[in-house]
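here is a sequence with its predicted model. Questions after.
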Amino acid sequence: MKSLVPIVVILAMASAYGFWHRVREGRIQGSKSKAQAITAQMLGSELGSRVTLVQFSSAFCTPCRTTRVLLEQLTKDLDDVKHLHIDAESHLELVRKLHILSTPTTLILDRNGIEVGRAVGAPKRDDVLSAIAAVR
Amino acid sequence: MTQAIKTPILIDVRGPRFSASLTVIVLAAALATQNVWILFLQFAVFAIGAFKGPQFTPYAWIFKRFVKPRLKGESITEDVRPPQFAQKVGLGFSVVGLIAISAGSISIFTIAVGFALAAAFLNAAFNYCLGCEMYLLALRLRTKN
């Protein structure tokens, strides 16, 4: 046995990060109004008539699947809300432009394509519903 | 690019998490003893997980043989690719660790094994998804130009 100090330090730091990450996971954060509009052309698909949920996913991401199922389910019965699912890997230019750092990341766009919020990680059902309701 | 179209191989989500717990123990032992052979053992497990798949490692065998039969509740499955990606990251760190300790650099060994330990611990304790956080970043860095 040489030293247990590195193990203690690493596990303490990893725990702190783990708790911090868990608190932030999936929380919908409002966006600053400086964002420029995201167009249908950039996304390769028409926007929703009131709200568009743009989800970025990758193949190496388990919560992407649950997020996709959740958002599809939530938007199924809402005519004015659209869910767009984008494979981040094949849209790297867009990923850079929109500052997507990890998957799943979901952007909430208003009718003009302005980003009004984003969730990094799998969002909670109620949070998505209230975010959708808040968009005029 | 059309990976989503292929039918993914699905495995029990609890398997990789159990394997991560064993990985934590083995990597902690490697760090504490600075023994090259303990790290080599974990390197071999990572290599199987990274190239053949996480469901073929000795840890997965222990899970299937001894742990899974004792677990209650419905088994939820996940795509095999996220945990396989994590095994590749672990493999990378263990290679650096092996080279470092062979070359006599304890500090680089400690940092490399430390990162692998932190990742395995986050996976085991917090169900942390390494592929979610790292894959896109790695891809963005690699294709910068």
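Now that the structure is in, tell me what you want to look at.

ok, the closest residue to chain A within chain B - contacts?
Closest to chain A within chain B is B:Gly131: 2.9 Å, counting by C-beta to the nearest C-beta. (C-beta placed from N, C-alpha, C; glycine too.) By C-beta atoms under 8 Å, 6 or more residues apart in numbering or on different chains, the contact list for B:Gly131 reads A:58-62, B:81-82, B:85-86.

any chance of those residues in CSV, plus distance to B:Pro54?
Formatted as CSV, the contacts of B:Gly131 follow (distance: C-beta to C-beta, whole Å):
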residue, distance to B:Pro54
A:Ser58, 17
A:Ala59, 15
A:Phe60, 12
A:Cys61, 15
A:Thr62, 12
B:Arg81, 10
B:Pro82, 9
B:Phe85, 10
B:Ala86, 8
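
so which helix or strand takes in the residue of chain B closest to chain A?
Using DSSP states H and E, B:Gly131 falls within helix B:130-142.

helices along the chain, start to end?
As the question left the chain open, I've gone with chain A. Here chain A has its helices, by DSSP state H, at A:5-24, A:40-43, A:62-76, A:92-97, A:125-134.

nope, chain B
Under the criterion DSSP H, chain B contains helices at B:14-33, B:36-51, B:58-62, B:81-102, B:106-126, B:130-142.

can you tell if the first one touches chain A?
Yes: applying C-beta under 8 Å from any C-beta of the partner chain, one finds helix B:14-33 in contact with chain A at B:28, B:31-33.

would you mind listing what in chain B touches chain A?
Within reach of chain A by C-beta under 8 Å from any C-beta, chain B has these residues: B:1, B:3-4, B:13, B:28, B:31-34, B:78-79, B:81-82, B:84-85, B:110, B:114, B:117-118, B:121-122, B:125-126, B:128-129, B:131-133, B:135-137, B:139-140, B:143.
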